[in-house]
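Asks: 3D model of this:
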Amino acid sequence: MQSNNRPYPVPSNTFEGDTMPGRKYPLPQTKEPFRDRLIRLRKASGFSQKEFAQAVGISPRMAAYYETETHHPPTHLLAVFAKVLGVTADQLLGIQKVKILKQRDSRLRRLVEEVEQLPVSTRKHVIQYLEHLLAGLKAKNGK
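Replies: Alright, predicted model coming up:
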């Protein structure tokens, strides 16, 4: 029988009564709090707060909470946040730097999504119109 009436051995790197082993690595120290990083990445992805909440599957009030009241990410939503924002979890947590090339236009993105929902024949007309419009603009600007 084990000493101290324990059914399992106690790891050597824990103190008596401690249930978790000691941390073996330091947590990253970032100058930008999580909430500020979340706002920056959300805006760079072209989401309004309401659109972001809808994409993640949370209420707009919770999205506002994560951007204003908390310094810590919701671990149960971390992977979903990263996927929606198009970054890795390490980038979202500030472990790796995020290089934002260009801010996306959320209105244009929404319009493209609406066009993608149209029937194929209608979609072809929209695409032809856009191609014609862009060709005219390029000719006008000399490109």
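Asks: output the lowest mean pLDDT helix or strand found in the chain.
Replies: helix 106-116 (a mean of 77; mean pLDDT, DSSP states H and E).
Asks: contact partners of it?
Replies: 46, 47, 48, 51, 123, 126 (CB atoms under 8 Å, 6 or more residues apart in numbering). Every C-beta, even on glycine, is put in place using the N, C-alpha and C of the backbone.
Asks: in these, find the pair that's most separated.
Replies: Using CB to CB, the contacts of helix 106-116 span at most 25.6 Å, a distance reached by 48 and 123.
Asks: contacts only, for the residue lying closest to residue 39 once chain neighbours are set aside.
Replies: In space, and not counting its chain neighbours, residue 39 is closest to residue 67: 5.2 Å by CB to CB, 6 or more residues apart in numbering. Shown in contact with residue 67 (CB under 8 Å, 6+ apart): 35, 38, 39, 42, 49.
Asks: cool, residue 70 as well?
Replies: 34, 35.
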